[in-house]
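Visitor: Predicted model follows, preceded by the sequence.
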Amino acid sequence: MKQTIKILTLVLATCATASCSLDTTPSDRYTVDTFWQSKEGTEAAMTGCYNVLTHSGMLNLDPLLEDTATPNEYNYNNANGWNEIALGTQTANSSGVIKNRWNACYEGIGRCNTHLDRLPGAVSTDERKVQMEGETRFLRALYYYMLITYYNGVPLILDLPQMSHGSLPRNSREEVVDAIIKDLDRAAECLDWKWASKSDAGRATKGAAMALKARLLLFEASPLVNMTGDVSKWKQAADAAKDVMDNAANAGYNLFSDYRKLFLPANEHNCECIFDVEYSKTKNTPSNSYNTYCIQYRNNAPLLDLVNSYETSDGKPHGKKEYAKLDPRFKATIFYPGSTFLGKANSTAGQICQFTGFAFKKLTIYDSQARDKDDAIGETNYMFIRYADVLLMYAEAQNEVESTPSDDVYDALNAVRKRAGIPEINKGSLSKDEMREVIRHERRIEFAGEGLYYNDIRRWKTAEEVMNDEICDYNGTALAIRSFDPDRDYWWPIPSDQLLLNKNLKQNPNY
């Protein structure tokens, strides 16, 4: 006791003589209270909201692997849990993307909520605060979009993180969608069509907010969600995509002229890119493993079903192994038997592309040359939304609105086909049902390997048709038999650890 009094007396005396404060806030690092008290801290908080996009389960490796849960690709070693999803064996205890995506999205939402709360009193210009509000609302909308796309309704949290959030039940899908739309509409009000300078490259824009709204509404109009077939849902999706198209000139959007070069680092932030996730070898940003996974591991190996879905360059179905005659996007996307792969002839599955006989070229730096010694560190940005997607979203939604495909539907579809170098579809030649199938086929080819086809076959409710089948290599040899339970597999399970932490969460059916 005496020793305690002596110490306290010494502290008080020191404070009195040195005018010291008992404030224990550290001065050598940021805290939650001080982060927004400087421009650097405020910008760092904004960067933190973006950074979650590169976390495991989000938009780093997983877009590369997502097509492996479709007839497009094969994931031989269950990287990030995608082969379990492909085989229909996923459970609430599954590791990998099912668990990681939930965690990452809520981490991003928590960062966005905190940033939005602190922005009014943050140190920054008023103009920059408005811009940051728009960026943050866009990102929060994106994280919630990811959640409802895979898990359906989820707890909706729009304020500062607190302990009570850990016991919230799931909100309805409609409530979450309404919140996303409000965020995207406000983001569009806050943001400009173009970046103010090159240093802003990669930040969200008005066009990114509007394009994400179109993608959200397209999912809401689909048979998976819109079970009554309400045509007004399709009209909303078409209108949202048309807003982006009508303002393409203001935003500088167009189709990039060269499909292969579209995906190379030298052409990042090109006219087709609406929103991408930034990767770099040298900047203070993460790198990715695209080159390694596509070329060294090859656990996103293209399957024969995808290859056979390519038309010939004259727009007709092709015969077996007629690779030289295919749609030019085939050679721009896939290494195949007979092509030069990493400086060597890719003649058989056993020699180079050992898993299926094919390997992905898209999203890598490679064409026919040998490997780069530094290729393990990738810096190809991932385009989350590009203008070709907006055109095809519009064509798909507008076709559902009309009794017969209009010229606008043909124009949007043909713009993508023309850039690819294949024949345009003659106007008036297709019925509504035929046009639907052509658009779906076009999406599969245009976005092969980019992680969109899994959600396409889910929202079309065709997964049960195309997934319950065997998958084959280049020679037609079966590699596995996949399974998809339509009563269960259209939605992912809520991770079991979340159910243990929150007794108010209810699991999706049949898990």
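Guide: Nice, thanks for sending it over.
Visitor: Help me confirm that Phe384 is found in a helix?
Guide: No: counting by DSSP: H, G, I helix; E, B strand; the rest coil, Phe384 is not part of a helix but strand.
Visitor: How about it, nearest residue that isn't a chain neighbour?
Guide: Excluding its sequence neighbours, the residue lying closest to Phe384 (CB to CB, 6 or more residues apart in numbering) is Phe275, at 5.0 Å. In this view, the C-beta of every residue, glycine as well, is placed from N, C-alpha and C.
Visitor: Give me the secondary structure label for that neighbour.
Guide: Phe275 is classified as strand under three-state DSSP.
Visitor: which parts of stretch 46-54 are buried?
Guide: 46, 48-54 (16 or more other CB atoms under 10 Å).
Visitor: Let me know the average pLDDT across that stretch.
Guide: For stretch 46-54, mean pLDDT rounds to 96.
Visitor: How far away from the center of its chain is it?
Guide: Distance of stretch 46-54 from its chain centroid, counting by CA atoms, centre = their mean, to the nearest Å, is 14 Å.
Visitor: Just to check, Glu189 is in contact with Gly134?
Guide: Yes: Glu189 lies in contact with Gly134 (CB atoms under 8 Å); the separation is 7.3 Å.
Visitor: ok, these two, which is more surrounded?
Guide: Gly134 (25 against 13; other CB atoms under 10 Å).
Visitor: contacting residues around that one?
Guide: 186-191, 204, 206, 209 (CB atoms under 8 Å, 6 or more residues apart in numbering).
Visitor: pLDDT below threshold where in this structure?
Guide: Counting by pLDDT under 70, the chain has low-confidence residues at 1-32, 283-284, 318-321, 347-352, 370-374.
Visitor: let's go with 50 and repeat that
Guide: 1-24, 349-350 (pLDDT under 50).
Visitor: what residue lies at the spatial centre of this structure?
Guide: The residue lying closest to the centre of the chain (CA atoms, centre = their mean) is Phe384, at 4.8 Å.
Visitor: which residues touch the helix or strand containing Leu64?
Guide: Element membership for Leu64, per DSSP states H and E: helix 62-66. Outside helix 62-66, the residues that touch it by CB under 8 Å, 6+ apart are 56, 73, 75, 79-80, 82, 97, 101, 290, 293-294, 299-300, 360, 363, 382, 449-454.
Visitor: Could you list which of those residues belong to helices?
Guide: Assigned to helices by DSSP state H, the following of the contacts of helix 62-66 qualify: 82, 97, 101, 290, 453-454.
Visitor: Tell me the span between the first and last residue of stretch 220-239.
Guide: 14 Å (CA to CA, to the nearest Å).
Visitor: Pull out the buried positions in that stretch.
Guide: Going by 16+ other CB under 10 Å, stretch 220-239 has these buried residues: 220-222, 224-226, 233-239.
Visitor: Serialize these to a markdown table and add fields for distance to Thr285 and secondary structure.
Guide: Shown next, in a markdown table, are these (distance: CB to CB, whole Å; DSSP: H, G, I helix; E, B strand; the rest coil):
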| residue | distance to Thr285 | secondary structure |
| --- | --- | --- |
| Glu220 | 33 | helix |
| Ala221 | 35 | helix |
| Ser222 | 34 | coil |
| Leu224 | 35 | coil |
| Val225 | 35 | coil |
| Asn226 | 38 | coil |
| Lys233 | 38 | helix |
| Trp234 | 38 | helix |
| Lys235 | 39 | helix |
| Gln236 | 35 | helix |
| Ala237 | 33 | helix |
| Ala238 | 36 | helix |
| Asp239 | 35 | helix |
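Visitor: Tell me where the stretch 401-511 of the chain has strands.
Guide: 470-472, 478-481 (DSSP state E, counting those that start in this stretch).
Visitor: and the helix or strand harbouring Val307, how far from the chain's centre?
Guide: Assigned by DSSP H and E, Val307 belongs to helix 304-309. Remark: helix 304-309 is offset 23 Å from the chain centroid, using CA atoms, centre = their mean.
Visitor: Just the residues contacting it, thanks.
Guide: 71-73, 318, 320, 323, 330, 334, 336, 356, 358, 441, 444-445, 448, 471-474, 476.
Visitor: for this structure, longest helix please?
Guide: Using DSSP H to define each element, the chain has its longest helix at helix 126-151.
Visitor: gap between that one and the chain center?
Guide: The chain centre lies 14 Å from the centre of helix 126-151; the measure is CA atoms, centre = their mean.
Visitor: Stretch 271-287 too?
Guide: Stretch 271-287 sits 14 Å away from the centroid of its parent chain (CA atoms, centre = their mean).
Visitor: same check, this time on stretch 488-502
Guide: So, by CA atoms, centre = their mean, the centroid of stretch 488-502 is 21 Å from its chain's centroid.
Visitor: just stretch 148-166 next, same as before
Guide: 20 Å.
Visitor: Narrow the contacts of helix 304-309 to just the buried residues.
Guide: Among the contacts of helix 304-309, those scoring as buried are 71-73, 318, 323, 330, 334, 336, 356, 358, 444-445, 448, 471-474 (criterion: 16+ other CB under 10 Å).
Visitor: picking that back up, flag every buried residue along the helix holding Val307.
Guide: Those buried within helix 304-309 under the rule 16+ other CB under 10 Å are 304-309.
Visitor: Quick one: neighbours of the residue lying closest to Ser38 once chain neighbours are set aside, just the number.
Guide: Among residues not flanking Ser38 along the chain, Val123 sits closest, at 5.4 Å (CB to CB, 6+ apart). When neighbours are defined as other CB under 10 Å, Val123 has 13 of them.
Visitor: Repeat that for the one 10 residues further on.
Guide: Glu133 has 19 neighbours, counted by other CB under 10 Å.
Visitor: Repeat that for Thr282.
Guide: By the criterion of other CB under 10 Å, Thr282 has 8 neighbours.
Visitor: Provide the secondary structure category for it.
Guide: Going by three-state DSSP: Thr282 is coil.
Visitor: Contacts only, for it.
Guide: By CB under 8 Å, 6+ apart, Thr282 lies in contact with nothing.
Visitor: Next one: it from Asn226, what distance?
Guide: Distance, Thr282 to Asn226, using CB to CB, to the nearest Å: 46 Å.
Visitor: Same question for Trp460.
Guide: The gap separating Trp460 from Asn226 is 12 Å, by CB to CB.
Visitor: ok, back up a step: quickly check the ones in helices among the contacts of helix 62-66 for the two that are furthest apart.
Guide: Arg101 and Tyr290 (18.8 Å; CB to CB).
Visitor: Neighbours of Met132, how many?
Guide: The burial count for Met132: 23, using other CB under 10 Å.
Visitor: can I assume it is in contact with Arg118?
Guide: No: applying CB under 8 Å, one finds Met132 not in contact with Arg118, separated by 10.3 Å.
Visitor: Who are the packing partners of the one helix or strand Cys49 maps to?
Guide: Using DSSP H and E, Cys49 falls within helix 39-51. Helix 39-51 is packed against helix 97-118, helix 126-151, with contacts defined by 3 or more CB pairs under 8 Å, 6 or more residues apart in numbering; DSSP states H and E.
Visitor: can you redo these as TSV with distance to Lys503?
Guide: Below are those laid out as TSV (distance: least, CB to CB, whole Å):
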stretch	distance to Lys503
helix 97-118	17
helix 126-151	18
